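> Okay, predicted coordinates and the sequence, questions at the end:
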Amino acid sequence: MKTIIVPTDFSINAHNALNYAIDIAKNNEGKIVLLHSIHYDVIGFNLTDELESTQFMQIQKAAEEKIAGLEKEVKATGLACTSLVEVGILKDVINEIAERKRANLIVMGTSGAKGVKEFFIGSNTGDLIGTSRTPVLAVPEDAKFEGFHKIVFTTNYERKTNLDFKHVVGMFEHAQPEVHILHIANGELNYTEEEKLLNHFVEEQKEKFPEVNIKSKLLYGEETEFVLRDYVKKEGIELVTLTTKHRNLFERIFGKPSVTKKMVYHSSKPILAFNH
């Protein structure tokens, strides 16, 4: 049984992410672990130890009541579900629980974000993606769950992306999606070399997964984020997968923030990130 961790701050955005998690769990014989993290920063300064302890206990009790309600809601869908309220920095708590539970996926909403880019900059999910050994599905606040019929799988041809592709196929096989294998080149190699590399990767996946409807596309552009955004919009993509490692596609898109890039990233599409 696959284990899916869903961190929540009880916001609408977090509940939206939970809807995605429920669909994935239903179709992957999965169970959901709801997680809420409390950090001492929530307690006001200049309080006596006794008042601080009392306030913390009140916050913890309220969180336990809320998460128990969510657990009941998830179980009503027929899924196995447990819930946890932990104390600590969110990303550290999530990573610890993910390792302890041997989680297969973390699904997290982009709480309070204006768009995908703003959420990734200095956010809990951005921090988590950079450290998590577990794949992270980041769901923007304005995403509307409509299934996973078209997925774009970005590749830099590295061997580890073969495992990522296998993970994606297994996770979404119930939806029988159209999977677009996409490479965005920056001109370092000529077209013939790029085409050869992409075709080799694509044929390898088709041989392993003949039941999957695979399409492929080679695009060029120094401004990777613009190219990807336009492709997602043009093709009606519902999920984008990215791999984080050194200066690869993910970092070219979600690297150092700029005003221009922050304005560009207002995608409503979820991002599935693999960290190697």
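Looks like it arrived, so ask away.
> Sketch out the helices for the stretch 101-250 of the chain, chain order is fine.
Per DSSP state H, counting those that start in this stretch, the stretch 101-250 of the chain carries helices over the ranges 116-120, 124-131, 160-172, 191-208, 224-235, 249-253.
> Among these, which comes closest to residue 274?
helix 160-172 (4.6 Å; CB to CB). Using the backbone N, CA and C atoms, a C-beta is placed for each residue, glycine as well.
> Work out the gap between the closest one and the centre of the chain.
Remark: helix 160-172 is offset 14 Å from the chain centroid, using CA atoms, centre = their mean, to the nearest Å.
> now do stretch 156-163
Distance of stretch 156-163 from the chain centroid (CA atoms, centre = their mean) equals 18 Å.
> Now do the domain split for the protein, please.
As given by automatic domain parsing, the domain ranges for the chain are 2-139, 150-275.
> residue contacts, residue 218?
In this structure, residue 218 makes contact with 183, 185, 191, 194-195, 198, judged by CB atoms under 8 Å, 6 or more residues apart in numbering.
> mind putting those residues in CSV, distance to residue 19 and pLDDT included?
Converted to CSV, the contacts of residue 218 look like this (distance: CB to CB, whole Å; pLDDT from 0 to 100):
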residue, distance to residue 19, pLDDT
183, 31, 91
185, 36, 88
191, 42, 85
194, 38, 89
195, 39, 91
198, 34, 93
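> Mind picking the two most distant members of those residues?
Using CB to CB, the contacts of residue 218 span at most 11.7 Å, a distance reached by 183 and 191.
> out of these two, which sits in the more crowded spot?
More crowded of residue 183 and residue 191, by other CB atoms under 10 Å: residue 183, with 21 against 11.
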